[in-house]
Structures are given as structure tokens and as C-alpha cells.
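>>> Quick one, what's the 3D model for this:
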Amino acid sequence: MKKLALFAVLIGGLAFGQTKKIVASDVQWWGYKVAKTEASSHSGNVKVKSGTMVMKGQELVGGNFVLDMNSINATDLSGEYQTKLNNHLKNGDFFETDKFPLASFKITSVKKNANKIYNRLITGNLTVKGKTNTITFPAKIAYSKGVVSLVSDKFSFDRQKFDVAYQSAMQDVLVKDEVDMLVKVTAK
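Numbering: from 1, shown residues only. Take a look at the predicted model:
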């Protein structure tokens, strides 16, 4: 009877996938003013609070990530200017972290990509400030010895679709709608 139960667990794991817990992450972002140049941009990071990746055999088939929006940090500045920008990103002009402390991404599909480096296209539902929209980005997936890693190519999303906007329309015109991101996560 014990052998039958063990066999059922193994078959179930193969059929439905094996969930791996996120153990390391690096999520970077870039925001731009109207003139999209390095001189008119800000960059930084945000921490992954929790997450999982679901494997079926050697293939990534699902997963989710929860971002701690209170951890958003501009890394291109220091001192007083960094503190001002970080507070500005957290207030009502952008992410409203007092009302929306978390953002999330849930993988809905993983498809092969023709790109030799970023060999998969990850599609999922990104939720920011209570608004959910579908995004797709190229990623490199590696799986070895029970550890899976996902490294995205740099991709963009439209912040306006998530109501991430200045309260003043005039100020909002000065900031590009596209936010660039690069995601690296490891799970085991």
C-alpha cells in the first residue's frame, strides 16, 4: 500500500508539475523622461517578496512572483536626491504603496522563442495598483540539479495601463509611459 501511495505522488508530480520556491531575485527597472536618453532616466530595483516557479519535467509551465513595492529604490542617485525620488515613487504620484504595497506577476503561458539566448516567451498577468494587464517578455530558462533560473531580456510595460501616473497631467506628459524591466529569479 505504501508503494502505491508513493507511486501516486510521483505520477501526480509529473502530471501537475513540481513547485519550486523563489530563493534569489534581482528585479531592475528604468524610467525615462520624454527624451529617452540615459541622461534623462532613472533606474533602480524592487525586491521580490515571495514567489514560485512550476516545473513539469525540465520545462517551466507556471509560477508567480510578489513584488514588495515599498522596497522600490532608485540606484542611480544617492543621498537626499535618492530619498526624494524613492518617496516620490511610493506616493500617490506613482505607486501609492500605502494603499498598494504589493504588485504581482502570474505566469499564464510559456512558449518557445526563436531567439537562441532568450529561448522562451513568458506571458502572464501583471497586477500593479489593483489593475491587471497581460504582458509578454523573452526569457532564458535553465534547469539543473533541482534549481530553475529565469533571466529576462529587458522588456517594457505601459505604466498608464496600471494608473501609475502623476496627478498633474502636465507633469505626466514629461514622463515616458514605458517602464523598462529586467528580471532574474532563481528557485529550488
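>>> For Asn86, give its distance to Asp76.
Using C-beta to C-beta, to the nearest Å, Asn86 is found at 12 Å from Asp76. Heads up, the C-betas are built off the backbone N, CA and C, glycines and all.
>>> With His42 instead?
5 Å.
>>> which of these two has more neighbours?
Higher neighbour count among His42 and Asp76: His42, with 19 against 13, using other C-beta atoms under 10 Å.
>>> Next, work out how far apart the more buried one and Ser71 are.
For His42, the distance to Ser71 equals 16 Å [C-beta to C-beta].
>>> shaky segments in this structure?
Counting by pLDDT under 70, the chain contains low-confidence ranges at 1-16, 35-39, 167-173.
>>> 90 - rerun?
Across the chain, the stretches falling below the confidence threshold (pLDDT under 90) are 1-17, 32-41, 92-93, 165-177.
>>> all helices for it, in order.
Across the chain, reading from the start of the chain, the helices by DSSP state H fall at 2-16, 79-90, 169-173.
>>> mind listing what's buried in the second one?
Read it as helix 79-90. By neighbour count, and taking 16 or more other C-beta atoms under 10 Å as the criterion, the buried residues in helix 79-90 are Gln82, Leu85, Asn86, Leu89, Lys90.
>>> outside of that helix, which residues touch it?
Helix 79-90 is contacted from outside by His42, Met69, Asn70, Ile72, Asn73, Ala74, Leu77, Phe94, Phe95, Glu96, Thr97, Asp98, using C-beta atoms under 8 Å, 6 or more residues apart in numbering.
>>> Could you check how many residues crowd around the residue nearest to the fifth one when sequence neighbours are not counted?
Computed as C-beta to C-beta, 6 or more residues apart in numbering, the closest residue to Asn73 that is not its neighbour in sequence is Gly44, at 4.9 Å. One way to gauge burial is a neighbour count; for Gly44, by other C-beta under 10 Å, it gives 20.
>>> what's near enough to touch Gly44?
Residues touching Gly44, when contacts are defined by C-beta under 8 Å, 6+ apart, comprise Gln28, Trp29, Ile72, Asn73, Ala74, Thr75, Asp76.
>>> repeat that with 6 Å
Contacts of Gly44 were listed using C-beta atoms under 6 Å, 6 or more residues apart in numbering, and they are Trp29, Asn73, Ala74, Thr75.
>>> next one: Gln28
By C-beta under 6 Å, 6+ apart, the residues touching Gln28 are Asn45, Leu182.
>>> again with Lys112
Contacts here follow C-beta under 6 Å, 6+ apart; on that basis Lys112 touches nothing.
>>> at 8 Å instead, please
Taking C-beta under 8 Å, 6+ apart as the test, what Lys112 contacts is Asn119, Arg120, Leu121.
>>> Nothing else from me, thank you.
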